[in-house]
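In: need a structure here:
(chains A and B)
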Number of protein chains: 2
Amino acid sequence: MFSIDERLEKGKFFITNLPLCRVFLQDDSRFPWLVLVPCLPDVTEIYQLETKAQNALIEEISLISKVLQHYTKSDKINVAAFGNVVSQLHIHIVARFKTDLAWPDPVIGLKGAVLYGAEQRDKMIGDLKRLLVF
Amino acid sequence: MFSIDERLEKGKFFITNLPLCRVFLQDDSRFPWLVLVPCLPDVTEIYQLETKAQNALIEEISLISKVLQHYTKSDKINVAAFGNVVSQLHIHIVARFKTDLAWPDPVIGLKGAVLYGAEQRDKMIGDLKRLLVF
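Out: Predicted coordinates for the structure are as follows:
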């Protein structure tokens, strides 16, 4: 049965469900950062997904990337499936700017998250929920 | 016309061509690390690919990940499309071990590459070339 590792949900806010994935906002206002979790049990690597689910995954990665880049006007989108800490398959999609504090280094695993204020967070979740129409 | 940014080819060895991507070995013996470059011109983000190419990309990511994990008996596969330094779309696929020097942090951008010796490199390229049959 599918469930989300509770460590994955920590520090994240639910945005929406797509056909395959649950979409979260990472609670770190330094970087506009979404996390996709495919709603399938016992998956740790992309290659374990069947072809249909692989195609759905890349379609949803593309949708999220495009929406996030247009919404934030970022310079680059970073996409990563690591899972070294929590092995359940999840994909980070981060909008990066040449002016952000970590550029050009990766931000996954970077310490010192600056949490969203309630107003900024609610606006972002609301906006993205409206834009992420499948 | 398709060409590979020369900064992408630096520090890498050609392994093989798949239907969509050219596959390279990253010259860093600390981590078994392959890089896929889709052979399409002017692409920096996954969402810019047409559906057919997106599906081919995730199929090739899956093939490479599976082969690399079985070949190295790694604990985890890390997949990332960043492009903050060289924007041409390329995907890092890295075999990670709980005992490797950077675990659980990402290794992309990590300084201090330990180059392969010729024998070790040629064996790895030869083995992977044989295993990466599409």
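In: who touches the closest residue to residue A:56 other than its chain neighbours in this structure?
Out: When the adjacent residues along the chain are set aside, residue A:56 lies closest to residue A:20, with 4.1 Å between them (C-beta to C-beta, 6 or more residues apart in numbering or on different chains). Bear in mind the C-beta positions are built from the backbone N, C-alpha and C, glycine included. Contact criterion C-beta atoms under 8 Å, 6 or more residues apart in numbering or on different chains gives A:38, A:39, A:40, A:53, A:56, A:57, A:60 as the residues in contact with residue A:20.
In: from what I can see the third one touches residue A:2, true?
Out: Yes: distance between residue A:40 and residue A:2: 6.1 Å, which falls inside the contact criterion (C-beta atoms under 8 Å).
In: Between the two, which is the more surrounded one?
Out: residue A:40 (16 against 12; other C-beta atoms under 10 Å in any protein chain shown).
In: can you tell me the helix or strand for that one?
Out: Assigned by DSSP states H and E, residue A:40 falls within no helix or strand.
In: again, but for residue A:61
Out: Taking DSSP H and E as the definition, one finds residue A:61 inside helix A:51-72.
In: Show me what that helix is packed against.
Out: Of the remaining helices and strands, those touching helix A:51-72 by 3 or more C-beta pairs under 8 Å, 6 or more residues apart in numbering or on different chains; DSSP states H and E are strand A:21-26, strand A:33-38, strand A:76-81, strand A:91-96, helix A:118-131, helix B:51-72.
In: again, 7 Å this time
Out: For helix A:51-72, the helices and strands in contact under the criterion 3 or more C-beta pairs under 7 Å, 6 or more residues apart in numbering or on different chains; DSSP states H and E are strand A:33-38, strand A:76-81, strand A:91-96, helix A:118-131, helix B:51-72.
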